[in-house]
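Asker: Sequence first, predicted coordinates after that:
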Amino acid sequence: MEATKQNYKYDSVAGSDPEAVDKPHDGRQRDVQVTVMAESAKRPVNRTFQYIAACTANLAAFTCGITLGWTSPVLPKLQTMIDNPLSEPISESDAAWIGSLLPLGAALGPFLAGALSDKIGRKRTLLYGNLPFIVGLLLNIMASASNYLLLSRFLCGIAVGVTFTVLPMYVGEIAENEIRGALGTLLQLFTTVGLLYSFAIGPYMSFTAFNTACLVIPITFLVTFFLFIPESPYFLLQVKRDDEAEAALMKLRSTDEANDVRSELDEMKASVEEALANKSSFGDIFKSRGLTKAYILSNGLLVFQQVSGINIVLFFAQSIFQDAGVALAPELCTIIVGIVQIIFSGVSSILIDRSGKRLLLMVSSAGMAASQMLLAYFFHLKDKGDDVSWLSWLPICCVLAYIITYCLGFGPIPWAVMGEMFPANVKSVASTATAATCWFIGFLLTKYFGMVTEMIGKSGSFGVFGVCCVVGFAFVFKFLPETSGKSLQEIQNMLNGTADPKEDVEKK
């Protein structure tokens, strides 16, 4: 069997990308790679603990999913006096704030995460970032007025922003190249499982019992991640704690022999030194044509992700089905949505490398546009007073089609493209700013969805989302280059307009 070349070039901020380095920078790196190949051929590979560590860390993503889906089963209760812990039903304004304060908090979370992750470490940032989840859910349990819930949602939003920023970084830095892609997909998978958790148990439990059940997950994460999972070796090298880095890497690689990880550790050290030497600021993005274009493309994809209406569908799924008067029970419809989302989140990770990101994004935007337009048509007929009982199946089909096409493209791919567009020295600041923009747009949409709906109706609102998806299709078709199968340097060459057309022809 031919030995597989392993390249352990680590990304300085957002983890590591197997495409980050195509060629060794110098003789030392080439020697390290040859040595790693020889050592990997001698000893059996045991990656079990890497999967355990990544799954344990992604319990934080599970909690994110729970809080993202929390409003769907809870808001219908809060707007009536059925299982409502408050003294009176909440107003439409409070409902809008309860839905929108999470993305507002999430817009602030990346800035907090960026400041802490390089100072106190990835592990401690994730642990501290988990505490707002616990405090927020405790506030829900104790809630006697809507202010408790408003504060809870804002705190949970901060935790979501921190988690989505630091978790990919941590997982990328602990994983070997061969499984880094697979472990990276766990973020979306665990998030969708968390959504299903809320959709499946929320409607059938009391308000207090549901929040108590939600609280179990972040507490489990806090205990298991703190006690059993090591800090990122990359960060430990960054703060000159070399012995601890070696011990952490040995644990992650399931070996008791320091020599088994020596070459990989040396490669990490070289990468850390290079990253620290070339670290750049946010303003440096706009000094380069390629980086400016990368920033515009990354922000554009994430803005179109939000204006497709995803947060509206997830936050208010049960209410949408209630208003539509679907034949199935609304809570059962949301469970079906959660199951479909999990299935197609897994399918997307298989199709990305086979079909290319650009094609999937266009298929995704076209499918979402058709789904939203049909949903708008249904509510148009309903608002006119037409008999839509014969179309009671249409809303659930539209939402399922929307979720399927979202998961295939505009769900995971914008984040993956963002990771490829920026080199290591600016990835931290660029990713932080882009993620914050994404969540802030989500806040605006969630907060003012109800107000806009009162003005133009649900048909108009979903129609606007459909039009935005059409514009998103045009944006991808016109401006986005295909990045699949290309190294970071090749992507930078494309963005700077210096790519060699002959090379592209030869690759095709």
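Answerer: Received it, and whenever you're ready, just let me know what you need.

Asker: Quick check: longest helix in the chain by residues?
Answerer: The single longest helix within the chain, with elements called by DSSP state H, is helix 424-479.

Asker: name the helices or strands packed onto it?
Answerer: helix 92-117, helix 146-174, helix 289-307, helix 310-315, helix 357-384, helix 413-421 (3 or more C-beta pairs under 8 Å, 6 or more residues apart in numbering; DSSP states H and E). The C-beta positions use only the backbone N, C-alpha and C, and glycine is treated the same way.

Asker: for these, which one sits closest to residue 484?
Answerer: Smallest distance to residue 484 across the helices and strands packed on helix 424-479 (C-beta to C-beta): 5.3 Å, for helix 357-384.

Asker: Which positions in that closest one come out as buried?
Answerer: For helix 357-384, the neighbour count (16 or more other C-beta atoms under 10 Å) marks 357-380, 382 as buried.

Asker: Out of the helices and strands packed on helix 424-479, the one nearest residue 233 is which?
Answerer: Nearest to residue 233 among the helices and strands packed on helix 424-479 is helix 146-174; the distance by C-beta to C-beta comes to 7.1 Å.

Asker: by how many degrees do that closest one and helix 424-479 diverge?
Answerer: 100 degrees (axes from the mean of the first three to the mean of the last three C-alpha atoms, to 10 degrees).

Asker: what mean pLDDT does helix 146-174 have?
Answerer: Averaged over helix 146-174, pLDDT sits at 92.

Asker: what does stretch 307-316 give?
Answerer: Mean predicted lDDT for stretch 307-316 stands at 82.

Asker: And stretch 107-121, by the same measure?
Answerer: For stretch 107-121, mean pLDDT rounds to 89.

Asker: Other residues contacting that stretch?
Answerer: Contact partners of stretch 107-121, identified using C-beta atoms under 8 Å, 6 or more residues apart in numbering, comprise 124-125, 128-129, 157-166, 169, 231-232, 235-236, 238-239, 428-429, 431-433, 435-437, 439-440, 442-443.

Asker: With stretch 278-293 instead?
Answerer: Residues from elsewhere that reach stretch 278-293 (C-beta under 8 Å, 6+ apart): 12, 294-295, 422, 424-426, 429-430, 433, 492, 495-497.

Asker: Check the burial of residue 255 by counting its neighbours.
Answerer: 16 (other C-beta atoms under 10 Å).

Asker: heads up, I number from 887, so please use that
Answerer: Okay, using 887 as the starting number, the last item reads as residue 1141.

Asker: Could I have the CA atoms of stretch 1336-1343 written out in CSV?
Answerer: Extracted C-alpha coordinates of stretch 1336-1343, given in CSV (Å, rounded to 0.1, in the frame of the first residue of the first chain):
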residue,chain,number,x,y,z
GLY,A,1336,-43.8,40.5,12.5
MET,A,1337,-44.0,44.2,11.8
VAL,A,1338,-43.4,43.7,8.0
THR,A,1339,-45.9,40.8,8.0
GLU,A,1340,-48.6,43.2,9.4
MET,A,1341,-47.9,45.6,6.6
ILE,A,1342,-47.6,43.2,3.6
GLY,A,1343,-49.0,39.9,5.0
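
Asker: Can you select the buried ones among the contacts of stretch 993-1007 for me in PyMOL?
Answerer: Burial among the contacts of stretch 993-1007 is assessed by 16+ other C-beta under 10 Å; the matching PyMOL selection reads:
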select buried, resi 1010+1011+1014+1015+1043+1044+1045+1046+1047+1048+1049+1050+1051+1052+1055+1117+1118+1121+1122+1124+1314+1315+1317+1318+1319+1321+1322+1323+1325+1326+1328+1329
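
Asker: which of the contacts of stretch 1164-1179 sit farthest apart?
Answerer: Spatially, the most separated pair among those is 898 and 1383, at 25.8 Å (C-beta to C-beta).

Asker: wait, what's in contact with residue 935?
Answerer: 1137, 1138, 1139, 1140.

Asker: again, only this time at 10 Å
Answerer: 1060, 1114, 1115, 1116, 1137, 1138, 1139, 1140, 1141 (C-beta atoms under 10 Å, 6 or more residues apart in numbering).

Asker: How confident was the prediction at it?
Answerer: The predicted local confidence for residue 935 is 94.

Asker: now it: how far from residue 1000?
Answerer: Counting by C-beta to C-beta, to the nearest Å, the separation of residue 935 from residue 1000 is 28 Å.

Asker: just residue 1155 next, same as before
Answerer: Distance from residue 1155 to residue 1000, counting by C-beta to C-beta: 23 Å.

Asker: For those two, indicate the residue with more neighbours.
Answerer: Ranked by neighbour count (other C-beta under 10 Å), residue 1155 and residue 1000 place residue 1000 first, with 23 against 16.

Asker: In the helix or strand where residue 1100 lies, which residues are buried?
Answerer: Assigned by DSSP states H and E, residue 1100 belongs to helix 1093-1114. Within helix 1093-1114, the residues that qualify as buried are 1093, 1096, 1097, 1099, 1100, 1101, 1103, 1104, 1107, 1108, 1111, counting by 16+ other C-beta under 10 Å.

Asker: ok, now which ones touch the second one?
Answerer: Yep, that's residue 1096 we're talking about. Per C-beta under 10 Å, 6+ apart, neighbours of residue 1096: 952, 956, 959-960, 963, 969, 1023, 1026-1027, 1084, 1087-1090.

Asker: Ok, the third one next?
Answerer: By C-beta under 10 Å, 6+ apart, the contact list for residue 1097 reads 952, 956, 960, 971, 1022-1029, 1038, 1088, 1091.

Asker: any idea of the pLDDT on it?
Answerer: Residue-level pLDDT assigned to residue 1097 equals 97.

Asker: Who's the closest spatial neighbour of it, skipping the chain neighbours?
Answerer: Closest residue to residue 1097 apart from its sequence neighbours, by C-beta to C-beta, 6 or more residues apart in numbering: residue 1026 at 4.3 Å.

Asker: check contacts around residue 1354.
Answerer: Residues in contact with residue 1354 (C-beta under 10 Å, 6+ apart) are 1189, 1190, 1192, 1193, 1194, 1195, 1251, 1254, 1255, 1258.
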